[in-house]
Each structure stands twice: as C-alpha cells, then as structure tokens.
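S.K.: Provide a 3D model corresponding to the input given below.
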Amino acid sequence: MKLLALDSASTACSAAVLVDAAVVAERFEAMARGQAQALMPMIAAVMADVPFDALDAVAVTVGPGAFTGVRIGLAAARGLTLARGIPVIGITTLEAVAYPALAELRDGAALVAAVDSKRAEIFVQVFDDSLQALTDPFAATPSDAVSRLPKGPLLLAGDGTEGLRALLGARARMSRSGAPRASAFARLAARRVASGHAAPPRPFYMRPPDARPMPERVGNG
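M.R.: Sure thing, here's the model as predicted:
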C-alpha cells in the first residue's frame, strides 16, 4: 500500500508517505499558523519519489483543531484524490495524538489525549491500550477535565497536557508524543484501510467558529 498522510489541523503541519508499512518520506514543522502556505510544499517534497498516480489512499486529520487548518487539510486531501477515485481516510486529531503514545502505556494506565484549543479549554479524549475510546471527546478547562478522567494511573499525550499534569501530580506521566505527526498516524490509517474500517473525512468541530457573519443591513442605512 502507498498512502499519503497530512496534518494541518493542529499546532504543527506535516506530511508523510507510507509504502508497505514503512515511512519513506516525512516533513514536519511546528507552527501556530501558516499551514496554508506550508502544506502543499511539504506534500510536493514527500511525494518527490512516489508518483501521485501510484497512491492507494490519502489520510488527513479532521479535527478538533483550528478551523482554517482543518479545512486546508481536507481540501488538499480531496483535491489529490478526486481524479484518482481513491479513498480519503479521516483520523481525528485526538486519535493522531494518542496512537504513537500507545507503546508507552504500562501498569494498566489509561491514555489521555489533549489538544490545545488556543483558548482556556482543551480538547480531550481518553483511550485504552488498543485505542478504544473510554470517553467521548470533550472540551473543558484543565481543572474541569480532571474530574472527567478515569481513576488510576494516566499517560498524558498531546500539546494540551501541561495544565493537566500540574493538577494530576504523581498519578500522571507525560508521553513523548506532542503534536500529531503524519508519519505516526499514517500507520493507523493504513491499518483501517486494510481492515475495512476507514472513516470518511468529515470535519470534526467541537465549538463554533470565532468568525461570525456580519448582520444584514436594514434599508439603506
């Protein structure tokens, strides 16, 4: 299988190509904004040695995350697959954060994925050691999130975990996993394609957009 994975929904931007379970090319850059300018050059770089018509699928993060970033990634993925008729696989940002941290789980700990929302809240979801969800995704302040986490040891993954770590103390460990990396969730996407459980790429928003339509003017005023 040849699969292209993309992420522009988080506090980073990345692209990677997976060929027969091995990542053969990757570009990653942490960035708060600028994904619209960065993503397509990254795609061109990682696809330099793989013809686009050889791709079997494209995977993309669908949120939660930045509204603009989610739309950029989805538009790129759909544009690349439209002519070829190959599937686009949607991976939530929380799954993308959690998946590479699974190898660090031990002692029956639950895995808490937390993504920075750029507001007071963080986006959170809890998983077990097989990436089965133990909670629905939710948005909360760190202090409110703590009350919704399972009892017992926890492994924290993602760029929204700092506030949680301070509140949880010794029962929480920090994963080495930070912002999503396309090279990590490419393998998750390939597994889902192979098993026939690939989700369609629907944007996943957990709060309304900051930008609102201007109110219509009344009369000529």
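S.K.: Could you use CA atoms for every contact and neighbour count after this?
M.R.: Will do.
S.K.: Grab the most central residue of this structure for me.
M.R.: residue 93 (2.2 Å; C-alpha atoms, centre = their mean).
S.K.: got a list of what that one touches?
M.R.: Applying C-alpha atoms under 8 Å, 6 or more residues apart in numbering, we find residue 93 in contact with 9-10, 61-65, 115, 180.
S.K.: Likewise for residue 110?
M.R.: Contacts of residue 110 by C-alpha under 8 Å, 6+ apart are 126-129, 150, 152-155.
S.K.: Format the contacts of residue 93 as CSV; extra columns: secondary structure and pLDDT.
M.R.: Formatted as CSV, the contacts of residue 93 follow (DSSP: H, G, I helix; E, B strand; the rest coil; pLDDT from 0 to 100):
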residue, secondary structure, pLDDT
9, coil, 92
10, coil, 86
61, strand, 95
62, coil, 95
63, coil, 92
64, coil, 93
65, coil, 87
115, strand, 91
180, coil, 88
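S.K.: on that earlier part again, check the gap between the residue nearest to the residue nearest to the centre of the chain when sequence neighbours are not counted and residue 152 for me.
M.R.: Using C-alpha to C-alpha, 6 or more residues apart in numbering and skipping the chain neighbours, the partner closest in space to residue 93 is residue 63 (5.1 Å). Remark: distance between residue 63 and residue 152 (C-alpha to C-alpha, to the nearest Å) = 28 Å.
S.K.: neighbour count winner among those two?
M.R.: More neighbours surround residue 63 than the other of residue 63 and residue 152, with 29 against 11 (other C-alpha atoms under 10 Å).
S.K.: Return the residues in contact with the more buried one.
M.R.: By C-alpha under 8 Å, 6+ apart, the neighbours of residue 63 are 9-10, 70, 92-94, 203-205.
S.K.: Please pick the buried ones from the residues you listed.
M.R.: 9-10, 70, 92-94, 203-204 (16 or more other C-alpha atoms under 10 Å).
S.K.: which among those residues gets closest to residue 39?
M.R.: residue 9 (10.9 Å; C-alpha to C-alpha).
S.K.: residues in contact with the closest one?
M.R.: 61-70, 73, 93 are the contacts of residue 9 under C-alpha under 8 Å, 6+ apart.
S.K.: switch to 7 Å and redo it
M.R.: 61-63, 65-66, 69-70 (C-alpha atoms under 7 Å, 6 or more residues apart in numbering).
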